[in-house]
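A.B. asks: Here you go, sequence then predicted model.
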Amino acid sequence: MAEFWAKGVELGLKGKQLTEFVKSQERLIAQREEREAQREERQAQREERQMELKRLELQIEMETKRLELQTEMVRIQNEHEAPRQRDNQQQMLHRAPKLPAFADGKDQIDCCLARFERFAESARWQRDDWAIQLSAHLTGAALEVYTRLSNDDARDYDVLKEALLSCYNFTERGYRQRFRECQPLSGETPSQFVERLSSYLQKWVELSGEEQSYESLRDLIVKEQFLHAFLGRAKTAGFEGHY
């Protein structure tokens, strides 16, 4: 600041002009320092981005090498296992029953899965092969469910089965709804209707996770009926959004 005063005096400035000159010089210095700080910050950000890009490139390179190694190991393993797998597949196909394809929109997926499992067990298929065998009989939305699974999940029958049942609403909520809305079908005898009702109830209880005892079943049905009645009354009163 003293330097600016001396320079202003040297220029012949006095009083207010001298004060304004000193202030303007100080503002210029402050602006230059701010611009310099901004340049340094931008430079630091560029360097940080460059370092991050280098880290990503290194990660990609390492992942690529890992995948190449994994692919090579799988290839070698397949070369050793291919003859045994072909023999197993031929034996499996020889024993395989002729299964019709699942007719989306017509067949019930839970019934088709039960039929498939009985066939697979009677043919003594390895459970590891069930998923790929089932996929050959899927159509429509069921086939879409299969194709959207990851490679590992698509080979796991239990994962595939759960995904299919969920897609067609064969869940706890779905079986509960079927049980409550079930009506006799055309040509269905009373005993068949009762059997179908019982199967819906059994599946509902199993998927609820409740213990299969009289007390647990009673609590489950009372709780569900309470919610059904309570929310129905709230909906009638126009307050369903509060529950």
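C.D. replies: The structure has been received and is ready for your questions.
A.B. asks: can you give me the mean pLDDT across the helix ranked longest in the chain?
C.D. replies: Counting residues, the longest helix found in the chain (DSSP state H) is helix 15-95. For helix 15-95, mean pLDDT rounds to 79.
A.B. asks: Touching the helix or strand just after it from outside, list them.
C.D. replies: As assigned by DSSP states H and E, the chain's next helix or strand after helix 15-95 is helix 109-122. For helix 109-122, contacts defined as Cβ atoms under 8 Å, 6 or more residues apart in numbering pick out 96-97, 99, 102, 127, 130, 133-134, 137, 142, 161, 164-165, 167-168, 170, 203. The C-beta positions use only the backbone N, C-alpha and C, and glycine is treated the same way.
A.B. asks: For L220, give me the pLDDT.
C.D. replies: pLDDT at L220 comes out at 70.
A.B. asks: what helix or strand does it sit in?
C.D. replies: Secondary structure (DSSP H and E) places L220 in helix 214-237.
A.B. asks: if we can go back for a sec, now do the longest helix of the chain: which elements does it pack against?
C.D. replies: Counting contacts by 3 or more Cβ pairs under 8 Å, 6 or more residues apart in numbering; DSSP states H and E, helix 15-95 packs against helix 2-10.
A.B. asks: Quick check: pLDDT value at the residue most central in space within the chain.
C.D. replies: Most central in the chain under Cα atoms, centre = their mean is L149, positioned 9.8 Å from the mean C-alpha point. Looking at L149, its pLDDT stands at 93.
A.B. asks: hang on, it packs against Y157?
C.D. replies: No. Judged on Cβ atoms under 8 Å, L149 makes no contact with Y157 at a distance of 11.4 Å.
A.B. asks: what about A142, neighbour count?
C.D. replies: Burial measure for A142: 25 neighbouring residues, criterion other Cβ atoms under 10 Å.
A.B. asks: And it, how close does it get to G174?
C.D. replies: Noted for A142: a distance of 15 Å to G174, by Cβ to Cβ, to the nearest Å.
A.B. asks: got it, and K161?
C.D. replies: Using Cβ to Cβ, K161 is found at 15 Å from G174.
A.B. asks: what's the answer for D156, then?
C.D. replies: Using Cβ to Cβ, one gets 22 Å for the distance from D156 to G174.
A.B. asks: try Q126
C.D. replies: According to Cβ to Cβ, Q126 stands 30 Å off from G174.
A.B. asks: Which one's more surrounded, those two?
C.D. replies: Set Q126 next to G174 and count neighbours by other Cβ under 10 Å: G174 wins out with 18 against 11.
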